[in-house]
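J.: Kindly generate the corresponding structure for this input.
(one chain, ligands or ions: 1)
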Amino acid sequence: MRIVVTRRVPEAALVELRALGEVVVSDADRPLTQEELQEAVAGASAIVSMLHDRIDGAVADAAGPQLRVVANVAVGYDNIDVPALVERGVVVTNTPDVLTDATADLTFGLLLALTRRIAEGDRLLRARKPWSFHLGFMLGSGLQGKTLGIIGPGQIGKAVARRAEAFGMRVVYSGRSQPKEDLLRVADVVSLHCPLTPETRHLIDAKALSAMKHTAFLINTTRGPVVDESALADALLANEIAGAGLDVFEREPEVEPRLLELNNVVLTPHLGSATVETRTEMALLAARNVAAVLNGGEPVNPVHR
Ligand code: DGY
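T.: I've put the predicted structure just below:
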């Protein structure tokens, strides 16, 4: 059986996959183009995909009728046309839970870097600008007693809430049943943890941003298109909100150029799950999903029933 892995993954996962069949790993140090992807998957029984791969019916057809599983090495699977794959009898899996703490840690890292101006201070020193301590120098915002608004109260949202409570914050949620507008009005920090779906695309648009407090911060560690990035740049330039911490972008790897110029924006390149431990667990989980399906069993993490 042929197993196609679209980007390098930790060796431990390859060891598990090699026990199942012939493993082909893309050696391109970049995402494959759609044409390359279709070529690479020909004859595959399993595809181990990354969040930057668009896996649709055409890719499944290019693989052939023997394709049985697509194991996405990510918790999000907005890159996969699940109905098209299910229609072709292909199982789709993801890697939940193992990245919850890493992503919550990074979310909090962005929050602190932003509210305490850590990245800005680092830039100031590296620019060798003159400075001296005084009581009004580079003041940030404290977190104690402030309100964190979590949009998308799943595993990661709850893990962020636990961290916030340890910092003395009050936490409010908005999900399917609680209105987002109420949260936007009261939150000092809004943190996004909902998956990207047609309903959540541009959930944070110009109107939502104008509903936030002028002193509030926005953090996005879920998927870029949940925020209208151009509207965010407008809102920051108009001082409608106090700052933003972004790990994900609407057109990754591109970043809205105006955001790059702003001191009250902290940016990281999609590092939410990027620890050695977590990325290894994610790849191993994907390999276990492949093994379960190819061995005729139930997948560990199907994204559909
Ligand atoms: C995911 O898993 O969906 C993250 O965005 C990448 O780790």
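J.: Was I right to think Phe281 contacts Thr100?
T.: Rather than Phe, residue 281 is Glu. No: here Glu281 lies out of contact with Thr100, judged by CB atoms under 8 Å, at a distance of 10.7 Å. For glycine as for every other residue, the C-beta is placed from the backbone atoms N, C-alpha and C.
J.: where does whatever residue of the stretch 151-300 of the chain ends up closest to the ligand sit relative to Ala71, distance-wise?
T.: Relative to the ligand, the nearest point of the stretch 151-300 of the chain is Ser273 (3.2 Å; CB to the nearest ligand atom). Computed as CB to CB, to the nearest Å, the Ser273 to Ala71 distance reads 15 Å.
J.: More neighbours: those two, which one.
T.: Set Ser273 next to Ala71 and count neighbours by other CB atoms under 10 Å: Ala71 wins out with 30 against 26.
J.: Is the more buried one bridged to anything, and to what?
T.: Per DSSP bridges, residues listed as beta-bridge partners of Ala71: Val48, Thr93.
J.: wouldn't it be in contact with Ser49 here?
T.: Yes: here Ala71 reaches Ser49: they are 7.1 Å apart, a contact under CB under 8 Å.
J.: Spell out which residues are contacts of both of the two.
T.: Counting by CB atoms under 8 Å, 6 or more residues apart in numbering, Ala71 and Ser49 have no common neighbour.
J.: Assign the spatially most central residue of the chain to helix, strand or coil.
T.: For the chain, the residue sitting closest to the mean C-alpha position, by CA atoms, centre = their mean, is Thr222 at 3.7 Å. The local conformation at Thr222, judged by DSSP: H, G, I helix; E, B strand; the rest coil, is coil.
J.: Spell out which residues of the protein are next to the ligand.
T.: Leu51, Ala74, Val75, Gly76, Leu99, Gly272, Ser273 (CB under 6 Å from any ligand atom).
J.: Where does Ala286 sit: helix, strand or coil?
T.: helix.
J.: Which residues are in contact with the closest residue in space to it that isn't next to it in sequence?
T.: Using CB to CB, 6 or more residues apart in numbering and skipping residues adjacent in sequence, the residue nearest Ala286 is Ala71, 4.1 Å away. Counting by CB under 8 Å, 6+ apart, Ala71 touches Ala46, Ile47, Val48, Ser49, Thr93, Ala286, Ala287, Asn289, Val290.
J.: pretty sure Ala58 is in a strand, no?
T.: No: under three-state DSSP, Ala58 falls outside any strand and is assigned helix.
J.: count of residues packed around it?
T.: 14.
J.: ok, the closest residue to it other than its chain neighbours - how many residues close by?
T.: Of all residues not flanking Ala58 in the chain, Gln38 sits nearest, at 6.6 Å (CB to CB, 6+ apart). Gln38 has 17 neighbouring residues, counting by other CB under 10 Å.
J.: Check Asp97 too.
T.: Using other CB under 10 Å, Asp97 has 13 neighbouring residues.
J.: Then Phe137?
T.: Residues lying near Phe137 (other CB under 10 Å) number 9.
J.: Run through the residues that contact it.
T.: So Phe137 contacts Trp131 (CB under 8 Å, 6+ apart).
J.: Same question for Gly142.
T.: Thr115.
J.: Got the phi and psi for it?
T.: In terms of degrees, to the nearest 10, the main-chain angles of Gly142 are phi -80, psi 160.
J.: Show me where the stretch 101-250 of the chain has its helices.
T.: Counting by DSSP state H, counting those that start in this stretch, the stretch 101-250 of the chain has helices at residues 118-126, 155-166, 180-186, 206-211, 229-237.
J.: and those helices as JSON lines, adding mean pLDDT and mean neighbour count?
T.: Output for the helices of the stretch 101-250 of the chain, formatted as JSON lines (pLDDT from 0 to 100; neighbours: other CB atoms under 10 Å):
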{"stretch": "helix 118-126", "mean pLDDT": "98", "mean neighbour count": "14"}
{"stretch": "helix 155-166", "mean pLDDT": "98", "mean neighbour count": "19"}
{"stretch": "helix 180-186", "mean pLDDT": "95", "mean neighbour count": "16"}
{"stretch": "helix 206-211", "mean pLDDT": "97", "mean neighbour count": "17"}
{"stretch": "helix 229-237", "mean pLDDT": "98", "mean neighbour count": "19"}
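J.: And the ones you listed: which comes nearest Ala104?
T.: Closest approach to Ala104 among the helices of the stretch 101-250 of the chain (CB to CB): helix 155-166, 3.6 Å.
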